[in-house]
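Asks: Build the 3D model from these lines:
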Amino acid sequence: MRVDLTGALNSVLQKTIKEYRAADECGDVRSARAKALECAGLLEQIARSSPGQREIYMKRAQEWRAIAGQVEARGSGKVVESAGSGENEFLTYAESLIATTPVRWGDIGGLDTVKRLMMETIVIAGLSKPDSIKPWKGILLFGPPGTGKTLLAAAAAGSLNATFFDVKADRVLSKYFGESSKMVSGLYAAAREHSPSIVFVDEFDALSQSRSGDTSEATRKLLSTLLTELDGLQDKKSGQLLLTLAATNTPWDLDPAVLSRFPRRIYVTLPDPAACSEILKIHTKDLDCSALDIDALGARCVENIYSGRDIQNLCQQAIWHMVREENPNLHHLAELPFDELRERSLKVRGLRAGDFEDAFEKIRSPITRSDLRRYDEWNESFGE
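Replies: Below you'll find the model as predicted:
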């Protein structure tokens, strides 16, 4: 079976780019050159693991070898033309955000209406259609934390077999402070090259908070670049699929101009009793649950204002309660070599109501009913 190494290699590449930047900024020519060559080598490995995008990654590798040459020439005092090397770095960092996702729509419990709306958006984008029928360029997913917004984005990319760019807004801002607008341009340039692409921006409000008098010039430039990319002027007649999925827990903080680029705004709510039961089954599927009243547990999850993530944590706590009861001396095995541990088996039994009673005492929802009212009010004013 062929093992997909691109995710691990991209993580190493991202770390190496950061090390290159640090060495280059402090004038360590030797280390900067070595890191640039290391980036080139990693991109060549990724190219071998990605036959369908081999040419793109090989081109990036060649550009990083050119950067290594430029660094060496600077160190020797030669005058070199280095235009484009910065842009290449941003593009390469953007490509390191590509994630492999095994998630499919069927892996998500509940959220049937949300899934249907997202499926419609993706299907319409791919079908042949009259020019007057224009697909959405972006979807805003908003709602309480832990409700499955990231899973929905991963399922959209996984089911479509699209390139999935998993972007954490706060990391982009901290890593490229003052240059975030270039990072955004690099991100969308990479997404166009790897089309069909889905760009998922988590914590989107960090990139696009409402403008105020104390907003920095760098932030204003970032917002302007973001608006241009969301308009998708370069993509309107290309026939490519480039869909931006943005997720936020605080939609009321978004800049109105950015919000207008997301006419499709989908409220990802807390799960209802049926969805809670479905999520409970997903996270206990390998264990005997015949002694449990799953529907009663689901109803209790609703009473406790649990999100999908809370229910996942609840199941994990219940499972660990069972494991500790069945294996009271588990910690004594910590001194054994790993190979010897692999020869032993963990004792398990079916889950019982008592396991979940213990878990309910430990899992507290961070969401309040006041929070839910605020989401409901925003949804009534601005939602789908």
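Asks: could you pull out the strands for the stretch 1-150 of the chain?
Replies: Secondary structure of the stretch 1-150 of the chain (DSSP state E, counting those that start in this stretch): strands at 98-99, 138-142.
Asks: Same list (those strands) but as a markdown table, adding mean pLDDT and mean neighbour count.
Replies: Any C-beta I mention is one placed from the backbone N, CA and C, and that applies to glycine too. Compiled in a markdown table, the strands of the stretch 1-150 of the chain are given as follows (pLDDT from 0 to 100; neighbours: other CB atoms under 10 Å):
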| stretch | mean pLDDT | mean neighbour count |
| --- | --- | --- |
| strand 98-99 | 78 | 19 |
| strand 138-142 | 93 | 25 |
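Asks: Mind putting those into TSV with distance to Tyr267?
Replies: TSV is the format used below for the strands of the stretch 1-150 of the chain (distance: least, CB to CB, whole Å):
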stretch	distance to Tyr267
strand 98-99	25
strand 138-142	6
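Asks: Out of those strands, which gets nearest to Leu43?
Replies: Leu43 lies closest to strand 98-99 among the strands of the stretch 1-150 of the chain, at 12.1 Å (CB to CB).
Asks: Tell me which strands that closest one pairs with, and in which orientation.
Replies: strand 163-168 (antiparallel) (DSSP bridges).
Asks: Show me what the partner strand is in contact with.
Replies: Residues outside strand 163-168 that contact it (CB atoms under 8 Å, 6 or more residues apart in numbering) are 94, 97-101, 153-154, 157-158, 187, 190-191, 194-203.
Asks: Let's see that with 6 Å instead.
Replies: The contact list for strand 163-168 (CB atoms under 6 Å, 6 or more residues apart in numbering) reads 97-99, 101, 157, 191, 194, 197-202.
Asks: tell me what the strand or helix carrying Phe356 is packed against?
Replies: Under the assignment given by DSSP states H and E, the secondary-structure element containing Phe356 is helix 353-362. Under the contact criterion of 3 or more CB pairs under 6 Å, 6 or more residues apart in numbering; DSSP states H and E, helix 353-362 touches helix 308-326.
Asks: Contacts made by the helix it packs on with the rest, please.
Replies: 146-148, 271, 279, 283-284, 301, 347, 349, 351, 355-356, 358-359, 362-363, 365.
Asks: In that helix, which residues are buried?
Replies: Of the residues in helix 308-326, those scored as buried under the neighbour-count criterion (16 or more other CB atoms under 10 Å) are 308-315, 317-319, 321-322.
Asks: Need the nearest residue in space to Leu140, chain neighbours excluded.
Replies: Sequence neighbours aside, Phe262 is the residue nearest to Leu140 in space, at 3.9 Å (criterion: CB to CB, 6 or more residues apart in numbering).
Asks: what kind of secondary structure is the one you found in?
Replies: coil (DSSP: H, G, I helix; E, B strand; the rest coil).
Asks: can you count the residues close to it?
Replies: Here the number of neighbours of Phe262 (other CB atoms under 10 Å) works out to 24.
Asks: Wait, it touches Leu141, no?
Replies: No. Distance between Phe262 and Leu141: 9.5 Å, which falls outside the contact criterion (CB atoms under 6 Å).
Asks: list the buried ones in the helix holding Phe356?
Replies: If you call a residue buried by 16+ other CB under 10 Å, then helix 353-362 has these buried ones: Asp355, Phe356, Asp358, Ala359, Phe360.
Asks: Can I get these in CSV including distance to Tyr20?
Replies: Conversion of those to CSV gives the following (distance: CB to CB, whole Å):
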residue, distance to Tyr20
Asp355, 50
Phe356, 50
Asp358, 49
Ala359, 46
Phe360, 49
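Asks: tell me which of these is nearest to Gln14?
Replies: Sorting those by distance to Gln14 puts Ala359 at the head of the list, at 36.0 Å, by CB to CB.
Asks: The closest one - nearest residue in space that isn't next to it in sequence?
Replies: Closest to Ala359 by CB to CB, 6+ apart is Gln317, at 3.6 Å.
Asks: Check the contacts of helix 308-326 for burial and list the buried ones.
Replies: Of the members of those, the ones counted as buried by neighbours, 16+ other CB under 10 Å, are 146-148, 271, 279, 283-284, 301, 351, 355-356, 358-359, 363, 365.
Asks: Sketch out the strands for the stretch 151-300 of the chain, chain order is fine.
Replies: Assigned by DSSP E, counting those that start in this stretch, the strands in the stretch 151-300 of the chain fall at 163-168, 197-202, 242-248, 264-267.
Asks: State the mean pLDDT of the second one.
Replies: Strand 197-202 shows a mean pLDDT of 90 in the predicted model.
Asks: What is that strand packed up against?
Replies: Based on contacts counted as 3+ CB pairs under 6 Å, 6+ apart, the elements that strand 197-202 packs against are helix 149-160, strand 163-168, strand 242-248.
Asks: most neighbours per residue, which of the ones you listed?
Replies: For the helices and strands packed on strand 197-202, the largest average neighbour count (mean count of other CB atoms under 10 Å) is found in strand 242-248, namely a mean of 26.
Asks: What angle do strand 163-168 and that strand make with each other?
Replies: 30 degrees (axes from the mean of the first three to the mean of the last three CA atoms, to 10 degrees).
Asks: neighbours around Ala40, how many?
Replies: 21.
Asks: try the one 5 residues further on
Replies: Neighbour count for Gln45, taken as other CB under 10 Å: 16.
Asks: Over to the one 3 residues further on?
Replies: Arg48 has 14 neighbouring residues, counting by other CB under 10 Å.
Asks: so who does Gln240 touch?
Replies: Residues touching Gln240, when contacts are defined by CB under 6 Å, 6+ apart, comprise Ser195.
Asks: Residues in contact with stretch 117-130: which ones?
Replies: For stretch 117-130, contacts defined as CB under 6 Å, 6+ apart pick out Pro135, Trp136, Ala156, Leu160, Leu241, Ile266.
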